[in-house]
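[1] pasting a predicted model and its sequence here:
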Amino acid sequence: MSKTICSNCVSEDYLHQRILAEGKTRKCSFCSVHAKAFSLPQLSLKVRLALRRYYEKTANEPTDREILMQNEFNKTWERSGERLIDIINDEFGICYEAAQEIEKQIIQSEEANQDYDNNEDFDDDPHYIKKEIGDDKWLGEWDSFKNTLKTQSRFFNQGVEAFLNTVFRDLDSTVTSTDKPIFTSVGPTKDISFLYRARVFQSMDNLLRALKNPDIHLGPTPSNLASDGRMNARGISVFYGATDKDTAIAEVRPPVGSNVITARFNILRELYLLDLRNLKNIVEKTSVFHPQYKEKMEKARFLSKLGHMITQPIMPGDEVLEYLPTQAIADYLASKTDRIIDGIIFPSVQLKGQDTTNIVLFNKSSNVKPYDLPEGTETVVKDYEFHEDGPWKNYTVIDWIPSKRKSKTTKLKKGELQIVIDSIEVHEVNSIHFSTTSYSVGRLKIDAHLLRVNRDN
């Protein structure tokens, strides 16, 4: 009669639960407890299938290159991978005594199937590494998704919606290696409680007009003026902001000689955002014994690349088509998910290599609370002061409040954002710095006659 192993002797969560659900109550051959158990051959079969599907054996001898390196640096060669007994015991959570027996069964089975005619060496202490699981299937679907939007159908596209349903399903339950969440909240009591927004001006008249009514002119672009953006289609007004002024200025890409106004906007209520920065750290902890292990690993690998694919730089002139996939994603998250999502956090592509953060708030969550001034107030904006030495650049906004204030009959519109009037600054753009990677260009002159002679020979 074959030996049995109970759930108490298997700590790997998925296997443990399967034994509890499918096993029969028996006396365990390893701890002598009467509990739900599998037969040892039954468990051994699951181990063999997992090894065959998701692990590969490493070489038990060094390659010629490794021998040369070993001699050159006087190093001892060490076989890569983990010993089979350690995988069964540590990774699969099977008690050591049972792991020894399963290892013995696997090695004996391999010895019985050894192909001695091809001079295969028998390996009595096999080492294994996990096979790399790719994401070609997902990348193919991503390319199809982009192509469909660009060349076939942009509206009422069920295929696009089905793909995005699959991508974002259960994303809020994923785990990252940094323990940072994929979805996070910003707001008055959160780490991110305010945003900076920048707007570039090439006309002084327009700049002074914006300083006069900053809540209107520095907030989200009105729908009739909203152009295509990374996270919005033409005509859809959203709020693009950053967590610091330098990033906000860099994102509007101002030309030399222009002026940029920056302002801080306080976030008035808690907002729920997708944080693309953390997608690269997604880890999938599904058991190798789970029937969907491969599919889950493929999706996790794809998601780890998705943040970069969504935020990669787009060349001028290509925006209309290249922004379509990210616009579709933003529109989907804004309107098609079960949980209300207010926006997206993503890294800046203008200040690469620095810890820079952009946030887009969707149309429904980007209302700016009006700046409260009494009715009848007259506002004057000055950009110079005059001294004995001549005019001196200085921006001043004066609100002339009427002595007899009329009571307002209309209530102020509520919003998610409120401009901080004292934070407004004007920045003259004097120069722009570029960070580049340089490559030398080699050029060779080769006698074409010699090349033909060599080919003929």
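    Thanks, I have it. Since the model is a prediction, treat every value here as computed from it, not as a measurement.

[2] can you give me the strands for the stretch 101-250 of the chain?
    127-130, 175-176, 183-186, 194-201, 239-242 (DSSP state E, counting those that start in this stretch).

[3] counting contacts, what elements does the third one pack onto?
    Packed against strand 183-186, as judged by 3 or more Cβ pairs under 8 Å, 6 or more residues apart in numbering; DSSP states H and E, are the following elements: strand 271-275. (Glycine included, C-beta is placed from N, CA and C.)

[4] rerun at 10 Å
    Applying 3 or more Cβ pairs under 10 Å, 6 or more residues apart in numbering; DSSP states H and E, we find strand 183-186 packed against strand 271-275, strand 343-347.

[5] if we can go back for a sec, please identify the most buried of the strands of the stretch 101-250 of the chain.
    strand 239-242 (a mean of 24; mean count of other Cβ atoms under 10 Å).

[6] and the gap between the nearest residue to residue 95 once chain neighbours are set aside and residue 32?
    Counting by Cβ to Cβ, 6 or more residues apart in numbering, residue 9 is the residue found nearest to residue 95 once chain neighbours are left out, at 4.2 Å. Going from residue 9 to residue 32 by Cβ to Cβ, to the nearest Å gives 11 Å.

[7] so for these two, which sits in the more crowded spot?
    Taking neighbours as other Cβ atoms under 10 Å, residue 9 and residue 32 compare with residue 9 leading, 24 against 8.

[8] name the nearest residue to the residue most central in space within the chain, ignoring sequence neighbours.
    Centroid check for the chain by Cα atoms, centre = their mean gives residue 279 as the closest residue, at 2.8 Å. Nearest residue to residue 279, sequence neighbours excluded (Cβ to Cβ, 6+ apart): residue 307, at 3.8 Å.

[9] which residues touch that neighbour?
    Applying Cβ atoms under 10 Å, 6 or more residues apart in numbering, we find residue 307 in contact with 182, 274-282, 345-347.

[10] flag every buried residue along the helix or strand harbouring it.
    Assigned by DSSP states H and E, residue 307 falls within helix 293-311. Within helix 293-311, the residues scored as buried using 16 or more other Cβ atoms under 10 Å are 293, 296-307, 310-311.

[11] kindly report the same for stretch 328-341.
    Applying 16+ other Cβ under 10 Å to stretch 328-341 flags 328-334, 337, 341 as buried.

[12] where's residue 345 relative to residue 272, distance?
    Residue 345 sits 11 Å away from residue 272, going by Cβ to Cβ.

[13] okay, and the common contacts of these two?
    183-184, 186.

[14] and those residues as JSON lines, adding pLDDT?
    Shown next, in JSON lines, are the shared contacts of residue 345 and residue 272 (pLDDT from 0 to 100):
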{"residue": "183", "pLDDT": "96"}
{"residue": "184", "pLDDT": "97"}
{"residue": "186", "pLDDT": "98"}
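
[15] which of those lies closest to residue 162?
    Residue 162 lies nearest to residue 183 out of the shared contacts of residue 345 and residue 272, by Cβ to Cβ, at 21.6 Å.

[16] contacting residues around the residue nearest to that closest one when sequence neighbours are not counted?
    Nearest residue to residue 183 in three dimensions, chain neighbours excluded: residue 172, at 5.1 Å (Cβ to Cβ, 6+ apart). Residue 172 sits next to 181-183, 272, 274, 337-339, 341 when contact means Cβ under 10 Å, 6+ apart.

[17] about what we covered before: weakest of the strands of the stretch 101-250 of the chain by average pLDDT?
    By mean pLDDT, the lowest-scoring of the strands of the stretch 101-250 of the chain turns out to be strand 175-176, with a mean of 92.

[18] which elements pack onto that one?
    Judged by 3+ Cβ pairs under 10 Å, 6+ apart, strand 175-176 is in contact with strand 282-283.

[19] any idea how far the strand it packs on is from the chain center?
    Relative to the chain's own centre, strand 282-283 is displaced by 10 Å; criterion: Cα atoms, centre = their mean, to the nearest Å.

[20] give me the contacts around that strand.
    Applying Cβ under 10 Å, 6+ apart, the contact partners of strand 282-283 are 171, 174-178, 182, 299-307.

[21] now swap in stretch 6-25 and tell me
    Against stretch 6-25 from outside (Cβ under 10 Å, 6+ apart): 4-5, 26-39, 42-43, 46-47, 50, 89-99, 285-291, 293.

[22] got the residue ranges for the helices in the stretch 1-150 of the chain?
    13-22, 40-54, 64-73, 84-86, 96-112, 136-151 (DSSP state H, counting those that start in this stretch).

[23] counting by contacts, list what the fifth one packs against.
    The helices and strands touching helix 96-112, judged by 3+ Cβ pairs under 10 Å, 6+ apart, are strand 4-6, helix 40-54, helix 84-86.

[24] averaged pLDDT, stretch 347-355. What do you get?
    Rounded mean pLDDT across stretch 347-355 is 82.

[25] from the opening residue of that stretch to its closing one, how far?
    Using Cα to Cα, to the nearest Å, the end-to-end distance of stretch 347-355 comes to 8 Å.

[26] how about it: buried residues?
    347-348, 350-351.

[27] biggest separation within these, which pair?
    Counting by Cβ to Cβ, the most remote pair of the buried residues of stretch 347-355 is 347 and 350, 9.9 Å apart.

[28] low pLDDT regions in the chain?
    For the chain, applying pLDDT under 70 flags the ranges 111-122, 353, 405-412, 449-457.

[29] mind checking the end-to-end distance for stretch 85-104?
    9 Å.

[30] joint contacts of residue 347 and residue 350?
    Contact criterion Cβ under 10 Å, 6+ apart; residues shared by residue 347 and residue 350: 247, 356, 358.

[31] now do the contacts for the residue lying closest to residue 127 once chain neighbours are set aside.
    Excluding the flanking residues, the one nearest residue 127 by Cβ to Cβ, 6+ apart is residue 81, at 3.6 Å. Applying Cβ under 10 Å, 6+ apart to residue 81 gives the contacts 55-60, 87, 126-130.

[32] farthest-apart pair in those residues, please.
    Among those, 60 and 130 lie farthest apart (Cβ to Cβ), at 18.0 Å.

[33] residues contacting stretch 98-106, please?
    Contacts for stretch 98-106 (Cβ under 10 Å, 6+ apart): 3-6, 9-10, 28-31, 40-41, 43-48, 51, 83-90, 92-94, 125-126.

[34] partners of residue 240 in the sheet?
    Beta-bridge pairing for residue 240 (DSSP bridges): residue 360.

[35] surely it meets residue 195?
    Yes - taking contacts as Cβ atoms under 10 Å, residue 240 lies within contact range of residue 195: 9.0 Å.

[36] I figured the residue nearest to the centre of the chain hits residue 344, correct?
    No - look at residue 279 against residue 344 with Cβ under 10 Å: they stay out of range, at 11.0 Å.

[37] which residues do those two both contact?
    Common neighbours of residue 279 and residue 344 (Cβ under 10 Å, 6+ apart) are 310-311.

[38] quick check: residue 180 vs residue 237, distance?
    Remark: distance between residue 180 and residue 237 (Cβ to Cβ) = 30 Å.
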